[in-house]
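Student: Give the three-dimensional model of this entry:
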Amino acid sequence: MGKLVIKDLHVSIENKEILKGVNLEINDHEMVALLGPNGHGKSTLMAAIMGNPRYKVTSGSITYNGEDVLKMSIDERSRKGLFLAFQNPCEIPGVITADFYKNAINSHNEKKVSLYKFYKSLENACKEVHMPFDMMNRMLNEGFSGGEKKRNEILQMMLLNPSFAMLDEIDSGLDVDAINIVSECIKKQFETQNISFLVISHYARLFDLIHPTKCFVMINGRIATSGDASLIEKIDTMGYEWIKTELGIEIEKEDTNASMNKVSLGACATKEAINYENK
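Tutor: Numbers count the residues shown, from 1 in each chain. Okay, here's the model as predicted:
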């Protein structure tokens, strides 16, 4: 377990600065929501923490449990307990899903996991995310639906059992049943494994289910404000326009009036169901 500390972090992509001095701290065993309009640096922050080479850290620091994350390779960051569930998981032809997970687990431990223990863990994880076990014999994410890819990311998280998990819009594209499944898995990991979470979502429904203990709002590549879960309700009701009126911060990009409620997964799913029944 450990504490993540980010100080004055600046990150660029192809010489364009995206993060412009991010400061935040996440303590051991916290469920943290990362909010903000699209294009303001939330995914960039997660990618920089995990070490995506496309994202260049130009200044600032990231430490985890007192260790310099920026000096670590990507695989070392993973072994230290950092995990990132992708917003758009890629398909990897030629790599069998079960083999990928077994090798990933073995790379995190000095002693290789027994086949019996591995397949028992895999079987249990499949049941929890409601995925057929035989899908583990298919190529990684190849031919998977969007929802299956997202649940596969959660399955991977459960198998690796990280101490700090970042979830980048893990709920986007999920129907109501799938989002309930994913949220239950997140809550179980949080409650039983003492794991910390940093979660990006534009949907109030997910946060209603996983109950964040802290919230950060990212605007213009910086943390504009932070607080408790009441921030989620405020953004759900008012959008981000209050950032300008209350904090005096001009929002550089679009979505200034975007309310989480307007794009709520529950609302969208309910509307679609009503329209379907009325046809």
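
Student: tell me the pLDDT at Ile194?
Tutor: Just to correct that, residue 194 is Asn rather than Ile. On pLDDT, Asn194 comes in at 83.

Student: ok, for it, nearest residue in space, not its chain neighbours?
Tutor: Spatially, and ignoring its direct neighbours in sequence, Asn194 is nearest to His29 (5.1 Å; CB to CB, 6 or more residues apart in numbering). Glycine gets a C-beta too; all of them are placed from N, C-alpha and C.

Student: Now do the contacts for the one you found.
Tutor: His29 is in contact with Met1, Phe190, Asn194, Ile195, Ser196, counting by CB atoms under 8 Å, 6 or more residues apart in numbering.

Student: which of those count as buried?
Tutor: Burial by neighbour count, 16 or more other CB atoms under 10 Å: within these this picks out Phe190, Ile195, Ser196.

Student: from those, which is closest to Met50?
Tutor: Nearest to Met50 among the buried ones among the contacts of His29 is Ser196, at 14.5 Å by CB to CB.

Student: pretty sure the closest one is touching Ile26, no?
Tutor: Yes. Distance between Ser196 and Ile26: 5.9 Å, which falls inside the contact criterion (CB atoms under 8 Å).

Student: Now list whatever residues contact both of those two.
Tutor: The contact sets of Ser196 and Ile26 overlap at Leu4, Val32, Phe164 (CB under 8 Å, 6+ apart).

Student: got the residues you listed as TSV, with distance to Ser121 columns?
Tutor: Formatted as TSV, those follow (distance: CB to CB, whole Å):
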residue	distance to Ser121
Leu4	27
Val32	27
Phe164	20
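
Student: Next, format these as JSON lines and append distance to Tyr240 and neighbour count.
Tutor: Formatted as JSON lines, the shared contacts of Ser196 and Ile26 follow (distance: CB to CB, whole Å; neighbours: other CB atoms under 10 Å):
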{"residue": "Leu4", "distance to Tyr240": "25", "neighbour count": "23"}
{"residue": "Val32", "distance to Tyr240": "18", "neighbour count": "20"}
{"residue": "Phe164", "distance to Tyr240": "27", "neighbour count": "24"}
